[in-house]
Every structure is written in C-alpha cells, then in structure tokens.
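Peer 1: can you look at this prediction? I've put the sequence above it.
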Amino acid sequence: MNKKTILALAATGTGLSLVVGTVGVANAATTRPLHSANFVGGVGFNGVSPFTHVLSVLVANGTITQAQSDAIVKEMTTERTAQNSVRVANQAEHQTLIATTLGTDWPTILKRLQAGDSLATIAGSKTNALIAALVAEETAEINKAVTDGRITAAQAATIQANVQARVTARVNATGPMGRMGGFNGGMGRGPGDGTGLRAGGAGGPGSNFGGFRS
C-alpha cells in the first residue's frame, strides 16, 4: 500500500487525524468492534483509543484489510515520531536564539521565566533586539511554509501582518507561560520551552493561524 493510499484511508470515517495523538498498535487482540459508547474523549474505557477502534470497525466491515490497518498505524506512528524530532530540534534552536541574543544561557532564562519574570524584564536593554530576532525567526518560518506549499502567499501575508504585535505582546507578558499560536499543530515548541513563544510542528494549507495561546 503506498503512502497516498494510507493517508486517504486515515481520513476515512470519523476524522482519524484528529485522534492521532492516541494512536495504538493494532493487532489481533484490539481489532474487535467496540461500541462508540465505550469511549469518552480521546481514551476508551477498555484502554483502546478511538483511532484503533475506528480501524477495527473498518476491518470488520471489510472496508480495509488487517494488513492495511497495520500499515496505517505504522505510517501514522512514523509520521508522529518524525514530527516530534523536528519539534525538539526547533525548540533547541529557539532557546539558543533567545539565549544568544540576551548574552546568557537558557537554564538561567528558564529559571527566571518560571519565577514569573517576562522576557522583557530578563532582556532589559536588549528587549528590542530580542523582539527583532524573534520576529525574524517567525518570518523565516512563515516564508518556509509558503515555499513548502503548506500555506498560500495570501495566508502568509495575513499572518505576517500580526507577527510584530504578537511577539511584542508575549515578550512583555508575565504570568502563566502559554504558546504562541501559529500553524495549526504549531511551529516547533516542545515541552519545557517555557518562553510562551512557540508551538508544536507546522500544519498544512487551510490550517488556522492565530495569536498567543495560554
């Protein structure tokens, strides 16, 4: 089964892509049909994810074979692992950018963020330089998304129009550390970033773009 077929099948039924975070490994023990009432949110009472449940129903109905179900799970798991790797790498680059701009190290910055300081407070006289660096960083990500075909030039222009204001607001913000909205699914923030300036991996055309999320 080729990748295009797998992705098409993954979009079948109840929107499998929405529950990929709970993907489980399909096997003979988890392919029995289960009633939808057994599931609350993203986790099933029986310990079987909605993703696995839908695949098992498709297998039981003859829509796909067990081999195809296994291939879908494998492909989605591989894709998720790849996205996680990109997110971790982007997180490290983001932290390095901030630390280098401020002339300090990331653990020191993170400790102060956790204590409630804003990035502006930490940056002091280097606040404008930090904002400029972060705006340039996001602008580069937006341009790359256009080049990669994940968003259109029109979408990029809309997002870019608000970048300066969003970055400035978050650099000056205090309180609970949130995430800056970007591509749906995010643009490169992993657990423990702590800056409130980045999210997870880039989405595709038609994704929602927004401001900072807490």
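Peer 2: Structure's in. What do you need?
Peer 1: T108: how many residues sit nearby?
Peer 2: The number of residues packed near T108 is 12, by other C-beta atoms under 10 Å. Glycine gets a C-beta too; all of them are placed from N, C-alpha and C.
Peer 1: who are the packing partners of the strand or helix carrying it?
Peer 2: Assigned by DSSP states H and E, T108 belongs to helix 106-114. Packing partners of helix 106-114 (3 or more C-beta pairs under 8 Å, 6 or more residues apart in numbering; DSSP states H and E): helix 66-102, helix 119-123.
Peer 1: what's the most buried one of these?
Peer 2: Mean neighbour count, computed with mean count of other C-beta atoms under 10 Å, is highest for helix 119-123 among the helices and strands packed on helix 106-114, reaching a mean of 20.
Peer 1: next structured bit after that one?
Peer 2: Remark: after helix 119-123, the chain's next helix or strand is helix 127-147, criterion DSSP H and E.
Peer 1: and the angle for that next one with helix 66-102?
Peer 2: In terms of direction (axes from the mean of the first three to the mean of the last three C-alpha atoms, to 10 degrees), helix 127-147 departs from helix 66-102 by 150 degrees.
Peer 1: could you list the domains of the protein?
Peer 2: Listed by automatic domain parsing, the domain ranges of the chain are 3-64, 88-213.
Peer 1: point out where this structure drops to low pLDDT.
Peer 2: Scanning the chain for pLDDT under 70 picks out 1-48, 175-214.
Peer 1: just to revisit the earlier point, which one of the helices and strands packed on helix 106-114 lies nearest to L58?
Peer 2: L58 sits nearest to helix 66-102 of all the helices and strands packed on helix 106-114, at 6.9 Å, using C-beta to C-beta.
Peer 1: what angle separates the closest one from helix 106-114?
Peer 2: Counting by the same axes, to 10 degrees, helix 66-102 lies at 90 degrees to helix 106-114.
Peer 1: renumber starting at 51 from here on
Peer 2: Let's use 51 as the start, then, which means that last one is helix 116-152.
Peer 1: for helix 116-152, packing partners?
Peer 2: Packing partners of helix 116-152 (3+ C-beta pairs under 8 Å, 6+ apart): helix 53-60, helix 100-110, helix 156-164, helix 169-173, helix 177-197.
Peer 1: for the ones you listed, give me a markdown table that also has distance to A207.
Peer 2: Listed next are those as a markdown table, based on distance: least, C-beta to C-beta, whole Å:
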| stretch | distance to A207 |
| --- | --- |
| helix 53-60 | 29 |
| helix 100-110 | 36 |
| helix 156-164 | 32 |
| helix 169-173 | 27 |
| helix 177-197 | 9 |
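Peer 1: so which of those comes closest to T218?
Peer 2: Ranking the helices and strands packed on helix 116-152 by proximity to T218 (C-beta to C-beta) places helix 177-197 first, at 5.6 Å.
Peer 1: go through the closest one and flag the buried ones.
Peer 2: 177, 180-181, 183-185, 187-189, 191-192, 195-196 (16 or more other C-beta atoms under 10 Å).
Peer 1: among these, which one sits closest to G166?
Peer 2: Closest to G166 out of the buried residues of helix 177-197 is T177 (17.0 Å), distances taken as C-beta to C-beta.
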